[in-house]
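Chemist: Quick one, fold the following:
(chains A and B)
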Amino acid sequence: MAETDTKLPAKSALQRLQEELEEELAREFGQDLKPRESARIRKFLREEIEEKTKVSLEALKRQLREELALEKERNIKEALQAGEVFYRFGVNVRAQHFVLAVSTVLLILSGLPIRFHDSVVFKFIIFLFGGIHNSTFLHRVGAAGLIAVCIWHVSWLALTREGRREFMALLPGPRDLLDVIQNIKYFLRLSNEKARFDRFSYIEKFDYWAVYWGVVVMIGSGLLLWFQDITLRFFPKFLLDIAKEMHRDEALLATLAIVVWHMYNAHLNPQKFPGSLVIWNGIITKEEIMDEHPLEYEKRLKAREEERGHT
Amino acid sequence: MARARLLLLLCLFTAIPFSVLAQEQRCLICHGKTNLSSRDASGAVRSLYINEETLRGSTHGKLSCVDCHLDVLELPHARKLKKVNCIACHSKGRTFDQGPAIEYLIYRDSVHAREQEKGNPKAPDCATCHGSHDVLSHADIRSRGYRLNIPDRMCGRCHGQALAEYRKSVHGRFTTGGDMNPPICTDCHTEHGIRRTVDPFSTVYATNIIAMCVKCHGDFSIMRRYGKNTEEVETYYESFHGVATKFGEKNIAHCVSCHGYHAIKARDDPTSSINPANLPKTCGQVKCHPGATANFAKGKVHIDPKSKDSGIIYYVSFGFKWLTITVLLVLFIHIFLDFMRKLQEKRRKRT
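Modeler: Next up is the predicted model:
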């Protein structure tokens, strides 16, 4: 290290500083410094400089990070304007999905052990919850979340323009049947053309409307069971038994449908694995929208051109 | 010399039984009198008469008096004799010097032994249940320990209230009629290790009592003889009460919460706790569903959704089963086809 330094034509800042310090000290003491002492000086200098650069490096990094984030935001805006990416879901929809997902997972985790009470896995889950008392309480917390998100969603559908527009787009129509037929043909290699979807494919529509069925059955029977004392004041016990049977059967159906259908279409299929971020940040790329929702893409392009034409 | 030794041996062998007999005869000089009695500290008369026939007929018939009454060393003996110590003989493996028998060790932790330690004069020891001079094998029909005699001649002598309730119950009626199968006291409470209901190690503790009922009610070969089946057990475990018990909850209905314990009665008995007329009261216990109405009695309690007897519930369950199967089948087919096609597309794009 020392050899290579001396061979270099220009001395490093550290070396120059060291020499200066050594000269000054030698002048003060009136004699040359021993190698051990000059090593001490070098060490002192190095530590001092390292300490200072560390602090300034942190500041530099923070600054760069902020700049990058800003740039990304600007990039997204630019990309949106350039038509590279599109907004698929607004904040409201994403928040609804978040509450729905959290409460559903909570409901499944605290509910399934009651049906599969002999399974070691579910016994362990109940153990993690800290006993059946806690898990039944959490089940009610999840239920409250689900009921809340249902009220929220229905009022969002009714009260906002965005909601009404999305609802209309989600209504099943004859086109979906044609899409199913076309897709089956495509799957069986009878056709090379995939079904061309509008804003929502029949896959997504099924997922959406299945939740309606599930939620009506689950919340209806669940409320009867939750407030069983009130239920039994007005209705015979066998109504409660029917509610219980429906609750446990629909629970299994809903769980399996979510695990099988939603997990595959949103996470496990080769195109999306391990999942897409669209439900978290609301952004869909041009390639994705062209592949999955070509009709919507065309509509959006047309709308954009019209807008530009007007302005 | 050899002859002398043989003679000595012969004398010994003949002398021992004679001496035993002689001893017995000496005891029975007094204890053979029917009117021999004493007064204990409280002034109650206690007979000291020993019926020789009973004693000779008992399982201990071949023993002599002093084999058990070890502190009789001379005659007349002390006024107050010690209690007979059964574990002097009844030890592990029934041999001497190996510590007490397992029955005694279990008994030592029971509520009876603990009460006795506290000095409760009513608490039973070995002789209280098994008898003293009239001990017989439990296989002997005259024995107190004979299965059908246990309720009356062992437990019921002290636990009269429980015995009266038990005799009126379905189990008690069968055993009164000479049926050996239905449970008697010891089947639920165990024999030597009887504990309090609140003791978590007790067989009749809230979370343990179910196992006692299931021993028979979960066994189809037993239930078949009485024209019943085991669906009550299975359906209980499927109900929320059963699930909660499985996860270790104590304050939840188990078998005896509804059916009672000693006074278990059939559903059509008007005094039964599970008679439809009494169900609101049974369900409406303070700890359970206070203010239960007649609506609690409308509908089956042990419901098996797989059986057609459950009515609408069977059809709901059936409908959901096929709905689930159909939906999932369709979804799986779609997913499978989609997956294969997408893999193919991916491979095509790569090449």
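
Chemist: CA only for contacts and neighbour counts going forward, please
Modeler: OK.

Chemist: Wait, A:Leu188 touches B:Phe339, no?
Modeler: No. The pair A:Leu188 / B:Phe339 is not scored as a contact, 11.6 Å apart, by CA atoms under 8 Å.

Chemist: Comparing those two, which residue is more hemmed in?
Modeler: B:Phe339 (19 against 14; other CA atoms under 10 Å in any protein chain shown).

Chemist: Now that one: closest residue in space, sequence neighbours ignored.
Modeler: A:Asn269 (6.5 Å; CA to CA, 6 or more residues apart in numbering or on different chains).

Chemist: and what of A:Arg233?
Modeler: B:Thr293 (6.4 Å).

Chemist: who's in contact with the one you found?
Modeler: Counting by CA atoms under 8 Å, 6 or more residues apart in numbering or on different chains, B:Thr293 touches A:Leu232, A:Arg233, B:Pro280, B:Gly284.

Chemist: downstream neighbour of the helix or strand the third one falls within in the secondary structure list?
Modeler: Which is B:Pro280. Using DSSP states H and E, the element containing B:Pro280 is helix B:279-283. Per DSSP H and E, the first helix or strand lying C-terminal to helix B:279-283 is helix B:312-350.

Chemist: Remind me what that next one packs against, helices and strands.
Modeler: Applying 3 or more CA pairs under 8 Å, 6 or more residues apart in numbering or on different chains; DSSP states H and E, we find helix B:312-350 packed against helix A:174-187, helix A:237-257.

Chemist: Rebuild the ones you listed as TSV, extending it with mean pLDDT.
Modeler: TSV is the format used below for these (pLDDT from 0 to 100):
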stretch	mean pLDDT
helix A:174-187	93
helix A:237-257	93
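
Chemist: So for B:Lys33, which of those sits nearest?
Modeler: Of all these, it is helix A:237-257 that lies closest to B:Lys33, at 69.8 Å by CA to CA.

Chemist: what comes up buried for stretch A:40-57?
Modeler: Buried residues in stretch A:40-57, counted by 16 or more other CA atoms under 10 Å in any protein chain shown: A:Arg42, A:Leu45.

Chemist: Correction: the previous question concerned stretch A:120-131.
Modeler: A:Phe122, A:Lys123, A:Ile125, A:Ile126, A:Phe129, A:Gly131.

Chemist: I'd say the fourth one and A:His133 touch.
Modeler: Which is A:Ile126. No. Using CA under 8 Å, A:Ile126 is not in contact with A:His133, being 9.3 Å away.

Chemist: anything in contact with each of those two?
Modeler: With CA under 8 Å, 6+ apart as the test, A:Ile126 and A:His133 reach no residue in common.

Chemist: Count the neighbours of the residue nearest to B:Phe339 for me.
Modeler: 18.

Chemist: Same question for B:Met340.
Modeler: Neighbours of B:Met340 (other CA under 10 Å): 15.

Chemist: ok so, going back, of the contacts of B:Thr293, grab the buried ones for ChimeraX.
Modeler: Here is the ChimeraX command that selects the buried residues among these (16+ other CA under 10 Å):
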select /A:232 /B:280,284
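
Chemist: neighbouring contacts of stretch A:72-83?
Modeler: Identification of contacts with stretch A:72-83 by CA under 8 Å, 6+ apart yields A:Val85, A:Phe86, A:Tyr87, A:Lys286.

Chemist: mind checking how far the third one is from A:His310?
Modeler: A:Tyr87 sits 22 Å away from A:His310, taking CA to CA, to the nearest Å as the criterion.

Chemist: Comparing those two, which residue is more hemmed in?
Modeler: A:Tyr87 (12 against 7).

Chemist: Kindly confirm whether my reading is correct that the more buried one touches A:Lys286.
Modeler: No. A:Tyr87 lies out of contact with A:Lys286 (CA under 8 Å); the separation is 10.4 Å.

Chemist: Mark out where each domain of the chain begins and ends.
Modeler: Unless you meant another one, I'm taking chain A. Domains of chain A are assigned by automatic domain parsing as A:2-61, A:77-310.

Chemist: I was thinking of chain B, sorry if that wasn't clear
Modeler: B:20-82, B:87-180, B:312-338.

Chemist: quick revisit: of all the domains of chain A, which has the lowest average per-residue confidence?
Modeler: Here the lowest mean pLDDT among those goes to domain A:2-61, at a mean of 77.

Chemist: ok, which residues in the stretch 151-300 of chain B are in contact with chain A?
Modeler: Residues of the stretch 151-300 of chain B found near chain A (CA under 8 Å from any CA of the partner chain) are B:238, B:240, B:243-244, B:246-249, B:289, B:292-293, B:295-300.

Chemist: and the residues you listed, which are buried?
Modeler: Among those, those buried by neighbour count (16+ other CA under 10 Å) are B:238, B:240, B:243-244, B:246-247, B:249, B:289, B:292-293, B:295-299.

Chemist: Tell me the spacing between B:Pro200 and chain A.
Modeler: Separation of B:Pro200 from chain A (CA to the nearest CA, to the nearest Å) stands at 18 Å.

Chemist: Confirm that residue sits in a helix?
Modeler: No. Assessed with DSSP: H, G, I helix; E, B strand; the rest coil, B:Pro200 is coil; it does not lie in a helix.

Chemist: Within range of chain B, give me the residues from chain A.
Modeler: Counting by CA under 8 Å from any CA, chain A sits next to chain B at A:114-115, A:117, A:123, A:126, A:131-132, A:187-188, A:229, A:232-238, A:241-242, A:245-246, A:249-250, A:253, A:256-257, A:260-261, A:264, A:269-271.

Chemist: Show me just the buried residues among these.
Modeler: Using 16+ other CA under 10 Å, the buried members of the residues of chain A next to chain B are A:114-115, A:117, A:123, A:126, A:131-132, A:187, A:229, A:232, A:235-238, A:241-242, A:245-246, A:249-250, A:253, A:256-257, A:260-261, A:264, A:269-271.

Chemist: quick one: secondary structure of the nearest residue to A:Ala254 once chain neighbours are set aside?
Modeler: Spatial nearest neighbour of A:Ala254, chain neighbours left out: A:Gly214 (6.4 Å); criterion: CA to CA, 6+ apart. Classification of A:Gly214 using three-state DSSP returns helix.

Chemist: Tell me the pLDDT of B:Arg79.
Modeler: Taking B:Arg79 on its own, its pLDDT is 81.

Chemist: same question, B:Tyr146
Modeler: 91.

Chemist: Could you count how many residues lie near the closest residue to A:Gly142 other than its chain neighbours?
Modeler: Leaving aside its chain neighbours, A:Gly142 sits nearest to A:Ser103 (4.4 Å; criterion: CA to CA, 6+ apart). By the criterion of other CA under 10 Å, A:Ser103 has 23 neighbours.

Chemist: doesn't B:Ala139 fall inside a strand?
Modeler: No. Remark: B:Ala139 does not belong to a strand; assigned using three-state DSSP, it is coil.

Chemist: give me the number of residues near the nearest residue to it once chain neighbours are set aside?
Modeler: Closest residue to B:Ala139 apart from its sequence neighbours, by CA to CA, 6+ apart: B:Tyr146 at 5.8 Å. Number of residues near B:Tyr146 (other CA under 10 Å) recorded here: 17.

Chemist: who are the neighbours in contact with B:Tyr146?
Modeler: B:Ser137, B:His138, B:Ala139, B:Asp140.

Chemist: can you tell me how far the third one sits from B:Phe240?
Modeler: Read that as B:Ala139. Applying CA to CA to B:Ala139 and B:Phe240 gives a distance of 43 Å.

Chemist: re earlier: please work out which residues outside the helix holding B:Pro280 touch it.
Modeler: B:Cys258, B:Ser273, B:Ile274, B:His289, B:Pro290, B:Ala292, B:Thr293, B:Ala294, B:Asn295, B:Phe296, B:Ala297.

Chemist: Tell me the one of those nearest chain A?
Modeler: B:Asn295 (4.4 Å; CA to the nearest CA).

Chemist: which ones are touching that closest one?
Modeler: A:Leu232, A:Arg233, A:Phe234, A:Phe235, A:Pro236, A:Lys237, B:Pro280.
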